[in-house]
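S.K.: Sequence and predicted structure are below.
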Amino acid sequence: MKKIGTLNQPLSQVIAGLGHMDTLVIADAGLPIPVETQRIDLALTRGIPGFLETLRVILEELQVERAIVAEEMISTSAQIYEQLQNMLPEIPIETISHTEFKNRTGSARAVVRTGEFTPYANIILVAGVVF
């Protein structure tokens, strides 16, 4: 049995397989996930697991070069955006329209669906390198 890190097997496998510039999406419960994109569904019920706690666990294992969020997050879910800035102090956060965000999920290696019910609590993580 794995002792530390991400215990969810499909999530652990995707993180281990990411290369430089590959993307991984962490999504709220309502984000549409394209059929062709791998879905890792962690949602159990409203709020469990939450977006930020899921992100925190993934950041322990994934080297992130930059992040992308929907610009609507800044006005609609400002508290989430502020916490993202605190969690990613050295990582640039790009904003794009929510429509463009949904389009980009189709090229992600996977979408991790959480139980989050906060609007626009979604992020695209762009994998970096550790050297």
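M.R.: Sure, I can see it.
S.K.: Count the neighbours of residue 42 for me.
M.R.: Neighbour count of residue 42, defined by other CB atoms under 10 Å: 19. In short, each C-beta sits where N, CA and C put it, glycine included.
S.K.: please begin residue numbering at 498 from this point
M.R.: Done: numbering now begins at 498, and the last item shifts to residue 539.
S.K.: for residue 556, phi and psi?
M.R.: Dihedral pair for residue 556: phi -70, psi -20, per degrees, to the nearest 10.
S.K.: neighbours of the residue found closest to it once you drop the neighbours it is linked to in the chain, just the number please.
M.R.: Of all residues not flanking residue 556 in the chain, residue 584 sits nearest, at 6.8 Å (CB to CB, 6 or more residues apart in numbering). Using other CB under 10 Å, residue 584 has 14 neighbouring residues.
S.K.: now residue 589
M.R.: 11.
S.K.: how near is it to residue 507?
M.R.: Here residue 589 is placed at a distance of 28 Å from residue 507 (CB to CB, to the nearest Å).
S.K.: One more: residue 624?
M.R.: 17 Å.
S.K.: these two touch, right, residue 563 and residue 624?
M.R.: No: using CB atoms under 8 Å, residue 563 is not in contact with residue 624, being 9.7 Å away.
S.K.: Between these two, tell me which one has more neighbours.
M.R.: residue 624 (19 against 16).
S.K.: In contact with the residue nearest to the more buried one when sequence neighbours are not counted: list those residues for me.
M.R.: Closest residue to residue 624 apart from its sequence neighbours, by CB to CB, 6+ apart: residue 515 at 4.3 Å. Neighbouring residues of residue 515 by CB atoms under 8 Å, 6 or more residues apart in numbering: 521, 559, 606, 624.
S.K.: got it, and residue 610?
M.R.: Counting by CB under 8 Å, 6+ apart, residue 610 makes contact with 524, 526, 528, 530, 536-540.
S.K.: Would you mark the buried spots in the strand or helix carrying residue 596?
M.R.: Here residue 596, judged by DSSP states H and E, is contained in helix 595-601. By neighbour count on 16 or more other CB atoms under 10 Å, the buried set for helix 595-601 is 595, 598-599.
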